[in-house]
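# Quick one, structure for this:
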Amino acid sequence: MALPIEDYALIGDTQTAALVGRDGSIDWLCLPRFDSPACFAALLGDPSHGRWLLAPAGEVLRVERRYRQGTLVLETDFHTADGVVQVVDSMPIRHEAPDVVRVVRCLRGRVAMRMELVLRFDFGHVVPWVQRADDGGLTATAGPDAVHLITARPTHGEDFTTIAEFEVEEGDEVPFVLTWYPSHEPVPGPVDGLEATEDTTRWWREWSGRSRFDGAHRNLVQRSLITLKALTYAPTGGIVAAPTTSLPESIGGVRNWDYRYCWVRDATLTLQSLMHAGYTEEARAWRDWLLRAIAGSPEEMQIMYGPAGERRLTELELDWLPGYEGSRPVRIGNAASNQFQLDVFGELMDALMLGRAGGLGFDAPAWRLQVALMAYLERVWDQPDEGIWEVRGARRHFVHSKVMAWVAFDRAIRIAEQFDQGGPVDRWRELRARVHHEVCERGYDAERRTFTQSYGSRGLDAATLMIPLVGFLPPDDERVIGTVEAVQRELFVDGFLLRYDTREADDGLPPGEGAFLPCTFWLADCLVLIGRHDEARALFDRLTGLANDVGLLAEEYDPRLGRLVGNFPQAFTHVGLVNTAMNLDRASASPAEDRAKREGVS
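Take a look at the predicted model:
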């Protein structure tokens, strides 16, 4: 049976990642990178399609876990009647090949342990050939992929599973190392599991030490920043939305998408969080990834790309997998990559302006690319699109899409003026005014005092909360306040916000999904802007209270089930946490006093 999503923790090497369950099982690992088909464990809680269990053989009385401070090194303590054993999980920052290191440490008594390794490639579809290696370990090979297992204890095969049964007593440290490599190449050099664990700890602590954030929620923010770093594909600077695919937005439902890609939609908010925390190098790498990914004909700009900027993200359904708790279909690839979404132009231009203002550098080719993108936007801004939520129904004139088209024209004007760049600024001003007028005329319901999801509709959309956040209207504008209140009134479910009402929206899919956590952070940001600081703080506390025991958040939350849902951990959610925490600190007259007050310090 699948563990709840919140029962997992993340480990990674900034090129790929794994999810480790509270029961000591790694149930998701794509090698050698986030979107690789060499998938070791195909779907959470489905051991027949890949699993690596390392846990006490007998009854476990209690489990406690934590990350080592400032790191992505996970410690899980299993309390048994015979003693306490700790499993330390990490992925060393890559040198030769991707490794997963697991170290069993006996803290007290004498404990019987069991390891079960079920190796499957191609998302659980391919059973590899397993044989003994010259160094005493095991190799498993199928097609282009191979893995090498080094163990400090004997193993045997049983029903296509590699098993080790052993005992540890106080003071023992037993490492296990699993390494992926191309099957046509030699086995990579051996890794000392104990040394690699300590080296990985030092690396992450050095990285965390560069953070400039010292606000009221430092620990939460730092954990989110570490998560963003873990979701970064280091060779290119691209940041994937999540390391997983097809974790459902509603348990048993069909809204199951592959999030192992990089969304242009996330550009500005991600850049803000990295720059404000002092991670200029990561911000520059993300900005440079954006410029490379979108380079080429403006007509071919996509809403998302692969970690290295790949464009062909063909969507497939894996019919041999049952899905997380029966949530089917299981998808790899994402057909939304071919959608037309106006909002990405605004998000891109906003991010590039932010990068210039933040000192990330500027060059003429980048500006020429932006001018070409704006020329294309001039021709298409008045067309309907699929919108930020990637509906699979008919295109519409989404209000958020038009607002972000306005942002694109606005930021183009500001870049030209502030950085003395040439461009058709007068025409951009005219179009900026035209878009603004149209949105206010056709996207606003004066009777209900709110902006709607699309022109002429009555449905609401949490994406309209971006209106004051991007400067389309000032926070004290009655239309902004009315929209915030309407969204709270109609889209709030048990204290959290839906993106929109899927029961009423014609989005091409059956209804049903959880509350969307990034949008709920946007609501907190809006409450800060309109002066409702106490309400914003209460909402922020409620949101962060959803984080699991190691500080991770998914895309959505199901208030009815009291469970995290959607892909996990979600970069967009953690970016929202970082930015809202910073906004709350700025709203405090004295952040230090506010922190002391909240922590009960006099």
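# from here on, contacts and neighbour counts on C-alpha atoms
Noted.
# ok so residue 110 is a strand residue?
Yes: Residue 110: assigned to a strand according to DSSP: H, G, I helix; E, B strand; the rest coil.
# What is the burial count for the residue nearest to it when sequence neighbours are not counted?
Spatial nearest neighbour of residue 110, chain neighbours left out: residue 169 (4.2 Å); criterion: Cα to Cα, 6 or more residues apart in numbering. Neighbour count of residue 169, defined by other Cα atoms under 10 Å: 18.
# so residue 169 touches residue 86, yeah?
No: using Cα atoms under 8 Å, residue 169 is not in contact with residue 86, being 11.5 Å away.
# any shared contact partners between those two?
Shared contacts of residue 169 and residue 86, defined by Cα atoms under 8 Å, 6 or more residues apart in numbering, comprise 106, 107.
# quick one, what contacts the residue nearest to residue 110?
Going by Cα under 8 Å, 6+ apart, the list of residues near residue 169 reads 106, 107, 108, 109, 110, 111.
# And the pLDDT at the third one?
Model confidence at residue 108, expressed as pLDDT, equals 98.
# beta partners of it?
Residue 108 forms beta bridges with residue 84, as assigned by DSSP bridges.
# where's it relative to residue 84, distance?
Distance, residue 108 to residue 84, by Cα to Cα, to the nearest Å: 5 Å.
# more crowded one of these two?
Neighbours per residue (other Cα under 10 Å) separate residue 108 from residue 84, with residue 84 holding more: 23 against 18.
# what distance separates the start and the end of stretch 52-68?
End-to-end for stretch 52-68, by Cα to Cα: 22 Å.
# tell me how far that stretch is from the chain's mean position?
Centroid separation between stretch 52-68 and its chain, computed with Cα atoms, centre = their mean, to the nearest Å, is 26 Å.
# In the stretch 151-300 of the chain, what residue spans correspond to strands?
Using DSSP state E, counting those that start in this stretch, the strands of the stretch 151-300 of the chain run over 156-157, 162-169, 173-182, 232-233, 238-239, 262-263.
# got the buried residues for the second one?
To tie it back to what came earlier, the one meant is strand 162-169. 162, 163, 164, 165, 168, 169 (16 or more other Cα atoms under 10 Å).
# Next one: residue 486 relative to residue 471, how far apart?
19 Å.
# So those two - more neighbours on which side?
The residue with more neighbours, out of residue 486 and residue 471, is residue 486; 20 against 13, by other Cα under 10 Å.
# for the more buried one, helix, strand, or coil?
Per three-state DSSP, residue 486 ends up helix.
# Wait, it touches residue 452, no?
No: counting by Cα under 8 Å, residue 486 sits too far from residue 452 to count as a contact (9.7 Å).
# Please list all residues in contact with the residue nearest to residue 148 when sequence neighbours are not counted.
In space, and not counting its chain neighbours, residue 148 is closest to residue 139: 4.5 Å by Cα to Cα, 6+ apart. Neighbour list for residue 139: 130, 131, 132, 133, 146, 147, 148, 149 [criterion: Cα under 8 Å, 6+ apart].
# who does residue 139 bridge with?
Going by DSSP bridges, residue 139 forms beta bridges with residue 131, residue 148.
# residue ranges of the helices in the stretch 151-300 of the chain, please?
Assigned by DSSP state H, counting those that start in this stretch, the helices in the stretch 151-300 of the chain fall at 193-208, 218-230, 267-276, 280-294.
# That should have said the chain, apologies.
In order along the chain, the chain carries the following helices (DSSP state H): 193-208, 218-230, 267-276, 280-294, 343-357, 364-380, 399-418, 425-442, 466-469, 478-491, 517-529, 533-544, 571-587, 591-598.
# Can you list the helices and strands that the second one packs against?
This means helix 218-230. Applying 3 or more Cα pairs under 8 Å, 6 or more residues apart in numbering; DSSP states H and E, we find helix 218-230 packed against helix 571-587.
# What is the distance between the helix it packs on and the centre of its chain?
15 Å.
# With just CA atoms, put that helix into PDB.
The C-alpha trace of helix 571-587 is given here as PDB (Å, rounded to 0.1, in the frame of the first residue of the first chain):
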ATOM      1  CA  ALA A 571       9.200  24.100  -6.500                       C
ATOM      2  CA  PHE A 572       6.300  26.600  -7.100                       C
ATOM      3  CA  THR A 573       5.000  26.100  -3.600                       C
ATOM      4  CA  HIS A 574       8.400  26.500  -2.000                       C
ATOM      5  CA  VAL A 575       9.100  29.600  -4.000                       C
ATOM      6  CA  GLY A 576       5.800  31.000  -2.700                       C
ATOM      7  CA  LEU A 577       6.800  30.200   0.800                       C
ATOM      8  CA  VAL A 578      10.100  32.100   0.400                       C
ATOM      9  CA  ASN A 579       8.600  35.100  -1.200                       C
ATOM     10  CA  THR A 580       5.700  35.400   1.200                       C
ATOM     11  CA  ALA A 581       8.000  35.100   4.200                       C
ATOM     12  CA  MET A 582      10.100  37.900   2.800                       C
ATOM     13  CA  ASN A 583       7.000  40.100   2.100                       C
ATOM     14  CA  LEU A 584       5.800  39.600   5.700                       C
ATOM     15  CA  ASP A 585       9.200  40.600   7.000                       C
ATOM     16  CA  ARG A 586       9.200  43.800   4.900                       C
ATOM     17  CA  ALA A 587       5.700  44.600   6.300                       C
END
